[in-house]
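Q: Kindly return the folded structure for what I paste below:
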Amino acid sequence: MVRALPTIMIAAATVTDTFTPGRERYDAFLYVVPGLAAVSWGVAATLVFGAAATLVILLLEAERGVAFMPGGLAVIVLMLVISAVAAWSSAVRLSRERELRHARQVADVVQRAVQHPLPERLGPLDLHLLYETPVAGAHMSGDFYKALKVPGAVRMMIGDVQGHGLGAVESATVLLGSFREYAYTEPDLPAIARRLETAMERHTARADVRDADRFATVLLAEIPLDRPVLRLLSCGHPPPVLQPRCGPARPVAFRRVSLPVHLDLGMTDEYVVEEVPFGMGDRILMYTDGVSETRDAAGDFYPVADRLACWQDTPDRKVLPALAEDLRRYSGHGPDDDTAAVLAVRTSPPE
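A: Numbering: from 1, shown residues only. The predicted structure is shown next:
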């Protein structure tokens, strides 16, 4: 529609000026045509629209019997100046758009290098992800996730760094890097949690790092390939919802929730792993507080477990879109946090 404005303006001004009394002139509107063209057209097209508007003005002047000299010459000179300025504006706009596209491409490559896209299948597991940010096209924020197939198991992590902005993204990057390295080598989830804690301590201790003293809630999960169980370790993270193939959906009850990573309260923390049955066809949904802290108009929090229980039999590919739409309806605008990351995992037969 915007690209059609120059043509619409030429046509409207011409018709209006032609069919109104001579003392009422509307050809002055044609002087804005080059400016309208510069908004959405290139340099050459802007000059063409300027030339077309000039020609129409001259024809309307001739129809009124106005002599070409000096009136017509003045019109040409004025339209040349306006068209030149409009063409320059168009060139500046196009240059900035190219720079912006390049910056977005670079940012996209960097984001995907840090937060790799989640595979749809990992070992015997089907993985599905909902990741929403307020910035269109963003793949990375303070919320993070990762799933890796390691010897004998699949290990996953989902978490949320305190606060917003680049500091939160940097801390999330540190935690992702640490998980990628130690998920393969550490014997259990508590060992990985300790590695995450160490990574954040070193990150904060670096003298050149600003805005790094943040904590993060983290949920670690491990699904052995030879046993129908699911092991979970929560560092201050919201409890996931387990949806067994046979039986009602329920939040996982933790005997002990450890402190968030890098939240120093001057006490020694013990990591307790919960082990729950997780057989063929079962599903686990892990989410960040961008989901659970979404509020409705009355200020009530979104009832995650109750909502997910209603979708017990909903196919994997439909559950997360249904959740996203339900969050928008519940709050009127979507998740209240910057990002909502939900990971749905279901054991299934190999394809």
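
Q: Please, which helix or strand holds the nearest residue to Phe179 once chain neighbours are set aside?
A: Using Cβ to Cβ, 6 or more residues apart in numbering and skipping the chain neighbours, the partner closest in space to Phe179 is Met157 (4.9 Å). Placement of C-beta: from N, CA and C, glycine included. Assignment of secondary structure by DSSP states H and E places Met157 within strand 153-161.

Q: need the next SSE after that strand, C-terminal direction.
A: Counting by DSSP H and E, what follows strand 153-161 is helix 166-182.

Q: where does the strand holding Met157 sit relative to the chain's centre, distance-wise?
A: 19 Å (Cα atoms, centre = their mean, to the nearest Å).

Q: quick one: it to helix 166-182, angle?
A: 170 degrees (axes from the mean of the first three to the mean of the last three Cα atoms, to 10 degrees).

Q: ok, strand 153-161: who's next to it in the sheet?
A: Using DSSP bridges, strand 153-161 pairs in its sheet with strand 143-150 (antiparallel), strand 216-224 (antiparallel).

Q: where's the residue nearest to Phe179 relative to Pro315, distance?
A: Met157 sits 25 Å away from Pro315, going by Cβ to Cβ, to the nearest Å.

Q: More neighbours: these two, which one.
A: Met157 (27 against 10; other Cβ atoms under 10 Å).

Q: show me the contacts for that one.
A: 144-147, 175-176, 179, 183, 192, 218-221 (Cβ atoms under 8 Å, 6 or more residues apart in numbering).

Q: hmm, try it at 6 Å
A: Listed by Cβ atoms under 6 Å, 6 or more residues apart in numbering, the contact partners of Met157 are Lys146, Phe179, Leu220.

Q: can you redo these as a markdown table with distance to Ala103?
A: A markdown table is the format used below for the contacts of Met157 (distance: Cβ to Cβ, whole Å):
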| residue | distance to Ala103 |
| --- | --- |
| Lys146 | 26 |
| Phe179 | 29 |
| Leu220 | 35 |
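
Q: Leu125 contacts Val345, doesn't it?
A: Yes. Contact status for Leu125 versus Val345: in contact at 5.1 Å, counting by Cβ atoms under 6 Å.

Q: State the pLDDT value of the residue nearest to Phe179.
A: For Met157, the pLDDT comes out at 94.

Q: Please name the bridge partners of it.
A: Lys146, Leu220.

Q: So it versus Met200, what's the distance?
A: Taking Cβ to Cβ, one finds Met157 at 14 Å from Met200.

Q: cool, Arg98 as well?
A: Distance from Arg98 to Met200, by Cβ to Cβ: 39 Å.

Q: same thing with Val257?
A: On the measure of Cβ to Cβ, Val257 and Met200 end up 18 Å apart.

Q: In terms of neighbours, single out the busier of Arg98 and Met200.
A: Met200 (24 against 10).

Q: Please look at that one and Pro260 and confirm they touch.
A: No. The criterion here is Cβ under 6 Å, and Met200 misses it with Pro260 at 10.0 Å.

Q: what residues are shared contacts of the two?
A: Joint contacts of Met200 and Pro260 (Cβ under 6 Å, 6+ apart) do not exist.

Q: Tell me which helix or strand comes right after the longest helix seen in the chain.
A: Longest helix of the chain, by residue count under DSSP state H: helix 73-114. Using DSSP H and E, the next helix or strand after helix 73-114 towards the C-terminus is strand 121-122.

Q: residues in contact with the following helix or strand past that following strand?
A: With elements assigned by DSSP H and E, the helix or strand that comes after strand 121-122 is strand 125-132. Contact partners of strand 125-132, identified using Cβ under 6 Å, 6+ apart, comprise 118, 147, 154, 316, 320, 324, 340-346, 348.
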